[in-house]
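Provide a 3D model corresponding to the input given below.
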Amino acid sequence: MARIVRVEAMMVDLKPKVKRTDAIQSFVSQETPILRIYDADGAVGTGYSYTIGTGGPSIMELIRCTLGPALIGREALEIERIWRDLYFLTHATTVGAITSLALAAIDTALWDLKCRRHGEPLHRMAGGAQSRIPLYTTEGGWLHIDTSALVEDALQAREKGFGGSKIKIGRPHVSEDVKRLEAVRAAVGPGFEIMTDANQRFTVDEAIRRARCLTPVDIAWLEEPLTADDISGHVRLSQSTTLPVAVGESLYSHLHFREYLERGACSIVQVDVARVGGITPWLKVAHLAECFNVPVCPHFLMELHVSLCAAVPNARWVEYIPQLDSLTTEPMRIEAGHAIPSSEPGLGIAWDFDAVARSAEPGSSFSLS
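Numbering: from 1, shown residues only. Below is the predicted model of the structure:
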């Protein structure tokens, strides 16, 4: 074991390569804090987090002023203890998005350091349950895309071996959503999954109505139909439909997943490693879901989630949305429509640190020791 001697951080704004719209927003910015933690033996771990839109500078400031200084002198391999200490250090701002996203940057860096010290990839260090995970794509299913383009993208995904495509829903009238989904279903046939995502757009009654209309299309799941804090509404919806209800990307504590699962308010868990506060709580959620016989299909961050999904037995899908291509020397490995976790020690992300440094937002970098 060795103590932490230095923390370095910077933020990169990863502008989306394609236009991304859903029922409530358009994505024009992706502020990405990147953190490096050094121990006294020379081991280094790299972690990161993200925001959609704004908020990145707030994460950076929380790390710079509060969380980062608290890391200096700590034993780097005591990850659970560090996570809990930092969580309680910021108890006045937890549970909250900014704190969870800052904790995630630190926690993922500590796991990367641990894996590198042991010479093991994350997917084996954290469990080693699977060797590959099926992929579905979201990049061609945004809400502004017309029906013919949705169909073309789904057919291309099927040709590449992907198991499904996600289509954003939330057009003004349910008939518009149904028409788009029926066109995709007619083109791809019954063996290809169609996921849907409402991005918290509906009221409970409207979600129940839309679920009834979507049922004949045989969709794989109805994602974020309601606001994430409406657990009772999700219970009511889940009891009224045979469609799987998926939640998780907008939950910022592992404890919130417990209540969803206990109350039968969802049937698919989409825990996001950045938004839940890092790998440490992500694994808790995944194993909790396993105890309820519920699959994990995480949101976004495919470059990191591929290893976490391979670590646990109940991960079902990895969501294909490239994020880090401009900052890495190698993309996520894909074979026959499956994501393959890296066998290299660490998180499995081949960072190009020269590209990271060149892309850093002016004034965002700092070092603590």
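
ok, and the closest non-adjacent residue to D107?
G278 (2.6 Å; C-beta to C-beta, 6 or more residues apart in numbering). Glycine gets a C-beta too; all of them are placed from N, C-alpha and C.

what residues are up against the one you found?
Shown in contact with G278 (C-beta atoms under 8 Å, 6 or more residues apart in numbering): G47, W83, L103, A104, A105, I106, D107, T108, W111.

The fourth one against R275, yeah?
Yes: here A104 reaches R275: they are 7.4 Å apart, a contact under C-beta atoms under 8 Å.

Neighbour count for those two, which is higher?
More crowded of A104 and R275, by other C-beta atoms under 10 Å: A104, with 32 against 26.

That one - that's part of a helix, no?
Yes: with the criterion set as DSSP: H, G, I helix; E, B strand; the rest coil, the secondary structure at A104 is a helix.

for it, what are its contacts?
For A104, the set of contacting residues under the criterion of C-beta under 8 Å, 6+ apart consists of G47, S49, V273, A274, R275, V276, G277, G278.

Repeat the analysis, applying 10 Å as the threshold.
Contacts of A104 were listed using C-beta atoms under 10 Å, 6 or more residues apart in numbering, and they are 33, 35, 47-50, 59, 83, 252, 272-282, 301, 304.

Give me the distance between it and I334.
Taking C-beta to C-beta, to the nearest Å as the criterion, A104 is separated from I334 by 25 Å.

Kindly provide the distance from A105 to Q239.
Here the distance between A105 and Q239 works out to 38 Å (C-beta to C-beta).

More neighbours: those two, which one.
In terms of neighbours (other C-beta under 10 Å), A105 is the more surrounded of A105 and Q239; the figures are 29 against 11.

so the more buried one makes contact with Y50?
Yes: under the criterion of C-beta atoms under 10 Å, A105 lies in contact with Y50, with a separation of 9.1 Å.

Please enumerate the shared neighbours of these two.
M11, T32, P33, I34, I59, A274.

Quick check: S250 is in a helix.
No: when classified by three-state DSSP, S250 is found to be coil rather than part of a helix.

That one touches H299, doesn't it?
Yes: applying C-beta under 10 Å as the test, S250 and H299 come out as touching, 8.7 Å apart.

More neighbours: which of the two?
H299 (26 against 17).

Now do the contacts for the more buried one.
For H299, the set of contacting residues under the criterion of C-beta under 10 Å, 6+ apart consists of 138, 197, 223-224, 246-251, 269-276, 305, 319, 321.

close enough to count as contact, L308 and L301?
Yes: proximity of L308 to L301 meets the contact threshold set by C-beta under 10 Å, at 9.1 Å.

So between the two, which is more surrounded?
For the pair L308 and L301, the greater number of neighbours falls to L308 (28 against 23), based on other C-beta under 10 Å.

Please list all residues in contact with the more buried one.
When contacts are taken as C-beta under 10 Å, 6+ apart, L308 is in contact with 111, 122-123, 126-127, 133, 271, 273, 279, 282-283, 286, 296, 298, 301, 315, 318, 341, 347-348.

burial count for R81?
Look at R81: counted by other C-beta under 10 Å, it has 11 neighbours.

my bad, F353
F353 sits with 12 neighbouring residues when counted by other C-beta under 10 Å.

Kindly report the same for N199.
19.

now G363
10.

what do you get for Q25?
In terms of burial, Q25 registers 12 neighbours under the definition other C-beta under 10 Å.

my guess is it contacts W142, does it?
No: with contacts counted by C-beta under 10 Å, Q25 stays clear of W142, the gap being 11.0 Å.

Now do the strands in the stretch 1-150 of the chain.
4-13, 20-21, 26-27, 31-39, 44-48, 133-137 (DSSP state E, counting those that start in this stretch).
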